[in-house]
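Asker: Predicted model follows, preceded by the sequence.
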Amino acid sequence: MTRDAIRAFFADRQVEWKRRDADALAKSYTEDSEVFSPMFGNLSGRPAIGEAYHSLFKIFPDWDLRIEDLLIDNDRVAQIFAVSATHVGEFMGLPGTNRRFEIHGVRLCTMTDGLISSERRLYDFTSLLIQLGAIRSKPAG
């Protein structure tokens, strides 16, 4: 894929994110793709990835992904993002709290034949759990 084609691909995905369209998002992965996610664990294949997106939007129905930067090196892409959402559905055994949170992170993607074949999601999962009230923190000192 050319650099412009990759930028267009991720711009199209941003529209799907805004619509919270789990099926369309899942179709942007190869059939045998792999996703490594702090929230959903290791996912293999488009159906598992689609299920994770459906779960995500059930738990956090107002999930707002904002792309801050897109770094492209041949078939590898780093997508720097910020997310804000409200915890509504059950998450890791914690019933919906209606708490808002914001996290920042990066998705590292490998592209194959115009689709994502591998994705590693990196973000501060502990911060997410603290903001939801699942764990408590105490300032150092």
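Answerer: Received it, and whenever you're ready, just let me know what you need.

Asker: what's the most centrally placed residue in the chain in contact with, if anything?
Answerer: For the chain, Arg121 is the residue whose C-alpha lies nearest the centre (CA atoms, centre = their mean; 6.7 Å). By CB atoms under 8 Å, 6 or more residues apart in numbering, the contact set of Arg121 is Val35, Phe36, Ser37, Pro38, Met39, Gly105, Val106, Arg107. Bear in mind the C-beta positions are built from the backbone N, C-alpha and C, glycine included.

Asker: Can you list phi and psi of the fourth one for me?
Answerer: Okay, so that is Pro38. Phi and psi for Pro38, reported as degrees, to the nearest 10, are phi -60, psi -30.

Asker: ok, and what's touching whichever helix in the chain runs longest?
Answerer: Counting residues, the longest helix found in the chain (DSSP state H) is helix 3-19. Under the contact criterion CB under 8 Å, 6+ apart, helix 3-19 has outside partners 1, 24-25, 28, 63, 65, 67, 70, 72, 77, 79, 111, 114.

Asker: ok, now stretch 126-141?
Answerer: When contacts are defined by CB under 8 Å, 6+ apart, stretch 126-141 is touched by residues Met39, His87, Phe91, Met92, Leu94, Thr97, Arg99, Arg100, Phe101, Glu102, Ile103.

Asker: Ok, stretch 98-106 next?
Answerer: Residues from elsewhere that reach stretch 98-106 (CB under 8 Å, 6+ apart): 68, 78-88, 121-124, 127-128, 131-133.
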